[in-house]
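*Asks:* One predicted model, sequence on top.
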Amino acid sequence: MPDRDGPWEAAFLPYGKQEIADADIKAVVEALCSGWLTTGPRVSEFEKAFVAHCGAAEGVAVNSGTAALHCAMRALNIQPGDEVIVPAITFAASANAALYEGATPVFVDVEVDTLLIDPVSVAMKITPKTKAIVAVDYAGQPADYDALRELVRGRGISIVADACHAPGATYKGRSAGTLGDISCFSFHPVKHLTTCEGGMAVTKDAGMAAHMRRFRNHGIDSDHRSREASGAHAYDMTELGFNYRLPDVQCALGMAQLTRLSGWVAARQRIAALYDETLASLAEVTPLTTRADRTNAHHLYVVKLADHVDRDRAFARLRAEGIGANVHYAPVYLHSHYRKLGYRPGIAPVAEAAAKKILTLPMFPAMTANDVERVASALQGATA
Ligand SMILES: Cc1ncc(COP(=O)(O)O)c(C=O)c1O
């Protein structure tokens, strides 16, 4: 059997890494042999199991976190001319979903010590055109949802939780998946649990869930399985949707992985605590803060380097030593596509300054205390 742990060299410590167990392979093989490769029973089984894990009501499985965000925009009726507030520091997909629906992403700044969407900056950017806020649970820590709720109260503005980094995280005792009007997850291989590619939009609103189920299936009001059950052949396409379906084979993998999610989150939290302890003596390195009212699912372990340290040089030195450091993220609006749309530097000064100083260190459940030591000592050399 080929090395299922990944294509990298043993000496290279990647920034993220999935775990595929025998139980995952068995579940996938069973699905392959079940007669249902897609739109079968495993889709709703996975949806139910995932939302039960989050304490949420409805899940709509789709083939990426990006698709989940797009479904959310459609279900919230985001239209051309609407404004959608998005933090500057996130993956491009958080903002692209608004563009897909012809809306305008409005970028806001982030808090200096967490890099989470800053409610003060949000308050300054809300206009009569604002229809939604995409709150990104950056690195695995939920945004300040109570502060955001306060800002949108009575204004017809929805909150989409981009919880792609945060399955298993909590905010004031409430789980990721229950914090936004719609919460979106990604099951890409570097995330907590994987379906190879995949995602889920989670909500307590049955009407929005039904809308997203149609939207992921071309905007058609039934699917292959429901028509087989009812014996009907006719269907209606009620709006222009997409093919965002997540196959049964991938849902089988997701279900098998889900049984290990809590253990993985706990392992990530242990590794983060080890990093915190080990890096405390490095004056040039400051880990991001986790607020006392939240638990952090630690998708990423991000540190800020001191002003006098050249981040790109430190990055190159770490890579040369086999440490898969990374950078998450440059402000979205600095990408060429956004510049073509007219966005310019200066929109989010805290994010722009932080983006030059952040480094993502390796973080995945199988990391050992020795791996953490190795990263810390390489980082000490790289920032000296
Ligand atoms: C914050 C955030 N939002 C959305 C996405 C999109 O997820 P996917 O890659 O599954 O489309 C990602 C993926 O990296 C992400 O990190």
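*Replies:* Nice, I can see it. Residues are numbered from 1 along each chain as shown.
*Asks:* Pull out the buried residues from the helix or strand L274 falls within.
*Replies:* Assigned by DSSP states H and E, L274 falls within helix 261-279. Neighbour-count burial for helix 261-279 flags 261, 264-265, 267-269, 271-272, 274-275, 278-279 (criterion: 16 or more other Cβ atoms under 10 Å). Where C-beta positions appear, they are placed from N, C-alpha and C, glycine not excepted.
*Asks:* count of neighbours near the residue nearest to R225 when sequence neighbours are not counted?
*Replies:* Nearest residue to R225, sequence neighbours excluded (Cβ to Cβ, 6 or more residues apart in numbering): T39, at 5.0 Å. T39 is flanked by 19 other residues according to other Cβ atoms under 10 Å.
*Asks:* do the one 4 residues further on as well
*Replies:* Using other Cβ under 10 Å, V43 is surrounded by 26 other residues.
*Asks:* hang on, isn't it packed against A61?
*Replies:* Yes: counting by Cβ atoms under 8 Å, V43 touches A61, with 5.5 Å between them.
*Asks:* which residues do those two both contact?
*Replies:* By Cβ atoms under 8 Å, 6 or more residues apart in numbering, V43 and A61 have these common neighbours: 246, 251.
*Asks:* Quick one: name the residues of the stretch 51-200 of the chain near the ligand.
*Replies:* Within the stretch 51-200 of the chain, the positions lying close to the ligand (Cβ under 6 Å from any ligand atom) are 64-66, 90-91, 93-94, 136, 162, 164-165, 186, 188, 199.
*Asks:* Show the contacting residues for the closest residue to the ligand within the stretch 1-150 of the chain.
*Replies:* Residue of the stretch 1-150 of the chain nearest the ligand, by Cβ to the nearest ligand atom: G65 (2.6 Å). Applying Cβ under 8 Å, 6+ apart, we find G65 in contact with 93, 162, 164, 184-188, 191, 199.
*Asks:* hang on, the earlier thing: what mean pLDDT does the next helix or strand after the helix holding L274 have?
*Replies:* Where DSSP H and E defines the elements, the next helix or strand beyond helix 261-279 is strand 285-287. In this model, strand 285-287 has an average pLDDT of 98.
*Asks:* Run through the helices of the stretch 1-150 of the chain in chain order.
*Replies:* Counting by DSSP state H, counting those that start in this stretch, residue ranges of the helices within the stretch 1-150 of the chain are 22-32, 41-54, 65-75, 93-100, 119-125, 145-152.
*Asks:* Can you tell me which of the ones you listed is most buried?
*Replies:* Most buried of these, by mean neighbour count (mean count of other Cβ atoms under 10 Å): helix 65-75, with a mean of 28.
*Asks:* who in the stretch 251-384 of the chain is up against the ligand?
*Replies:* Proximity of the stretch 251-384 of the chain to the ligand, by Cβ under 6 Å from any ligand atom, involves no residues.
*Asks:* and with 8 Å instead?
*Replies:* Residues of the stretch 251-384 of the chain found near the ligand, taking Cβ under 8 Å from any ligand atom as the criterion, are 299, 328.
*Asks:* mind listing the helices in the stretch 251-384 of the chain by residue range?
*Replies:* Secondary structure of the stretch 251-384 of the chain, counting by DSSP H, counting those that start in this stretch: helices at 261-279, 311-320, 336-340, 349-355, 369-383.
*Asks:* With distance to L179 as new columns, can the ones you listed be given to me in JSON lines?
*Replies:* As requested, those are exported to JSON lines (distance: least, Cβ to Cβ, whole Å):
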{"stretch": "helix 261-279", "distance to L179": "16"}
{"stretch": "helix 311-320", "distance to L179": "31"}
{"stretch": "helix 336-340", "distance to L179": "27"}
{"stretch": "helix 349-355", "distance to L179": "22"}
{"stretch": "helix 369-383", "distance to L179": "30"}
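*Asks:* For R149, which of those is the nearest?
*Replies:* Closest to R149 of the helices of the stretch 251-384 of the chain is helix 349-355 (Cβ to Cβ; 22.5 Å).
*Asks:* List the buried residues in the closest one.
*Replies:* For helix 349-355, a neighbour-count test (16+ other Cβ under 10 Å) marks 350-352, 354-355 as buried.
*Asks:* and what of stretch 172-179?
*Replies:* So for stretch 172-179, counting by 16+ other Cβ under 10 Å, buried means 174-179.
*Asks:* ok, now stretch 233-242?
*Replies:* Quick answer for stretch 233-242 (16+ other Cβ under 10 Å): 241-242.
*Asks:* So the protein: which segments form each domain?
*Replies:* As assigned by automatic domain parsing, the chain contains the domains 22-258, 261-383.
*Asks:* looking at these, which is buried most?
*Replies:* Each of these was scored by mean neighbour count; the highest is domain 22-258, a mean of 21, by mean count of other Cβ under 10 Å.
*Asks:* next one: that one to chain centre, how far?
*Replies:* How far domain 22-258 lies from its chain's middle: 9 Å, per Cα atoms, centre = their mean, to the nearest Å.
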